[in-house]
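Q: Pasting the sequence and the predicted model now:
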Amino acid sequence: MPEWETVIGLEVHAQLSTHSKIFCGCSTRFGAEPNTHTCPVCLGLPGSLPVLNKKAVEYTLRMALATGCRIAPLSLFARKNYFYPDLPKNYQISQYELPLAEAGTVTIQAGGTVKEVGLTRIHLEEDAGKLIHDEVQPVSYVDYNRTGVPLMEIVSEPDLRTPEEAGEYLRRLREILRYLDICDGNMEEGSFRCDANISLRLRGAERLGTKIELKNMNSFRHVEKALEFEIRRQQAVLEDGGTLVQETRLWDAARGITQTMRGKEEAHDYRYFPDPDLVPVAVEAAWIEEIRRSLPELPEARRRRLVSQYGLSENDAEALTTSKGLADYFEACAQGHPQPKTVGNWIMVELTRELKRDDREIESCPVRPAQLAALLNLTQKGAISGKIAKSVLEEMYRTGDDPQVVIDRQGLVQMTDSGAIAAVIVEVLAAHPAQVADYRAGKAKVFGFFVGEVMKRTRGQANPQRVNQLLKEKLGS
């Protein structure tokens, strides 16, 4: 059987987090009543003229610099002509021959290897509207609120070879966008969207196979699943002697298959020509340097610093830098508690569990970094046990109160008095003579039972170290 090589290139559309649209002053806020964020410009009414949003250009330049792109001193907007109900002008303003930036890279790690994925281009364009299909009647509606929202299109080279690599590339790209604070990366709301181009060729061949475009994938997992299915489908067609047709296919998540949508258009089908209403975009070197100086520490650099500065493992640093907000939270908390590893563990396990339960981001966490640090300090001093600390954190998360307030209110101060603990131990041993006999007969595992009983009777407030010490003394071990 022939050995096939998969070739994947991704086109990502990132909705920029500007307050207004790319060529008019209409709001970009998501979730408004249909067709309330529109005006003559974004609806393409006769006599209306577009004016470029400078902030959209700045955001695109930030991404270009973060990915090492070559920025064009002069770029042009063009009209991409096609008819579809969600496009009120019957053309989309985009960039074609002269994009804003080209030739960047994104570093990924997949399958145990590090790989540089090339970026063909990054350019600006306007979004189209949204079609809403009636589930009862054969009727469709159009919401033009999204029309004219600024999109940054990021086109990769066909450097990806597996669905895993594609998923990792998208995660890294989204991560950079969010660190730069230029796109919220919300795939469910459509502010981070991906189209995949995939083809198969015999391993070792230079010529690319027939390219198939995949659409309608609204999560990283769906992208990977769609690519996995398409690899199997294309391979089956080729090995059966069939011929693949260049086309656009839709991913059906419910059925786990791709389906034909339409034949794939070529560039000449869109009849691109320079937009006569927009002047060329001239980017001065001084502006580029100003933007470069304003760039934040990017994810990969921050991961390396957390490993060296705080002694974290690479895996922990990876988990704590998945978003800028999470990394900021960790560093703020680590300033107040001297054990960064402990801080990281509490954030990654206890706090993350609370956040996931409420579907919250770290930015809206009710527990401030200083409060978590104070809780960990109390645990380190022995004022409360680790078990009590977990219940205190849950109450802090629910109320927003400081840890000491919760401890005082619920009477959770740790029992450290040796006499009081010893009295409880005497009660436990007297209540379980059979287990005492088993322990003294060599069944060491019974010791954990005694610890549990003491902690139960003290409502978890006895100091665990003191309990262990006194139990051993009482049992004569």
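A: Great, that's in hand. Numbers count the residues shown, from 1 in each chain.
Q: Longest strand in the protein, please.
A: Ranked by residue count and defined by DSSP state E, the top strand of the chain is strand 113-126.
Q: Using neighbour counts, pick out the buried residues of it.
A: K115, V117, L119, T120, R121, I122, H123, L124, E125, E126 (16 or more other Cβ atoms under 10 Å). Every C-beta, even on glycine, is put in place using the N, C-alpha and C of the backbone.
Q: what's that strand packed up against?
A: Contact partners of strand 113-126 among helices and strands, from 3 or more Cβ pairs under 8 Å, 6 or more residues apart in numbering; DSSP states H and E: helix 54-66, strand 91-94, strand 101-110, strand 150-156, helix 163-179.
Q: now the angle between helix 54-66 and that strand, please.
A: Angle of strand 113-126 versus helix 54-66, following axes from the mean of the first three to the mean of the last three Cα atoms, to 10 degrees, is 160 degrees.
Q: the inter-axis angle of strand 113-126 versus helix 163-179?
A: 60 degrees.
Q: Any idea how far strand 113-126 is from the middle of the chain?
A: 18 Å (Cα atoms, centre = their mean, to the nearest Å).
Q: average pLDDT for it?
A: The pLDDT scores in strand 113-126 average 93.
Q: quick one: strands adjacent to it?
A: Paired strands of strand 113-126, with direction, are strand 101-110 (antiparallel), strand 150-156 (antiparallel) (DSSP bridges).
Q: Show me the domain layout of this structure.
A: If you go by automatic domain parsing, the domain ranges for the chain are 4-287, 297-410, 418-475.
Q: Mind telling me which of those the model trusts least?
A: Among the domains of the chain, domain 418-475 scores lowest, with a mean of 75.
Q: thinking in terms of the whole chain, how far from its middle is that domain?
A: Distance of domain 418-475 from its chain centroid, counting by Cα atoms, centre = their mean, is 47 Å.
Q: Same check on stretch 49-66?
A: 22 Å.
Q: Would you indicate which residues of it are buried?
A: Within stretch 49-66, the residues that count as buried by 16+ other Cβ under 10 Å are 50, 52-53, 55-66.
Q: same check, this time on stretch 67-84
A: Buried, per 16+ other Cβ under 10 Å, within stretch 67-84: T67, C69, I71, A72, S75, L76, F77, A78, R79, K80.
Q: And for stretch 460-473?
A: G460, Q461, A462, N463, P464, R466, V467, L470, L471.
Q: I'd like those residues laid out as CSV, including distance to L173 and secondary structure.
A: Shown next, in CSV, are the buried residues of stretch 460-473 (distance: Cβ to Cβ, whole Å; DSSP: H, G, I helix; E, B strand; the rest coil):
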residue, distance to L173, secondary structure
G460, 46, coil
Q461, 49, coil
A462, 51, strand
N463, 49, coil
P464, 46, helix
R466, 52, helix
V467, 51, helix
L470, 57, helix
L471, 55, helix
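Q: and which of those residues is nearest R305?
A: The closest of the buried residues of stretch 460-473 to R305 turns out to be P464 (Cβ to Cβ; 35.0 Å).
Q: got a list of what that closest one touches?
A: By Cβ atoms under 8 Å, 6 or more residues apart in numbering, the contact list for P464 reads S385, G386, V451, M455.
Q: before we move on, which element is I198 in?
A: strand 192-202 (DSSP states H and E).
Q: That strand vs strand 150-156, what angle?
A: Going by the same axes, to 10 degrees, strand 192-202 makes 20 degrees with strand 150-156.
Q: need the next SSE after strand 192-202, C-terminal direction.
A: Next helix or strand after strand 192-202 toward the C-terminus (DSSP H and E): strand 212-217.
Q: ok, residues contacting that next one?
A: By Cβ under 8 Å, 6+ apart, strand 212-217 touches 194-199, 223, 226-227, 230, 234, 244, 246-252, 258, 261, 264.
Q: thinking again about what came up before, can you put the strands paired with strand 113-126 in JSON lines and add distance to E164?
A: Output for the strands paired with strand 113-126, formatted as JSON lines (distance: least, Cβ to Cβ, whole Å):
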{"stretch": "strand 101-110", "distance to E164": "5"}
{"stretch": "strand 150-156", "distance to E164": "15"}
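Q: Thank you kindly, that will do.
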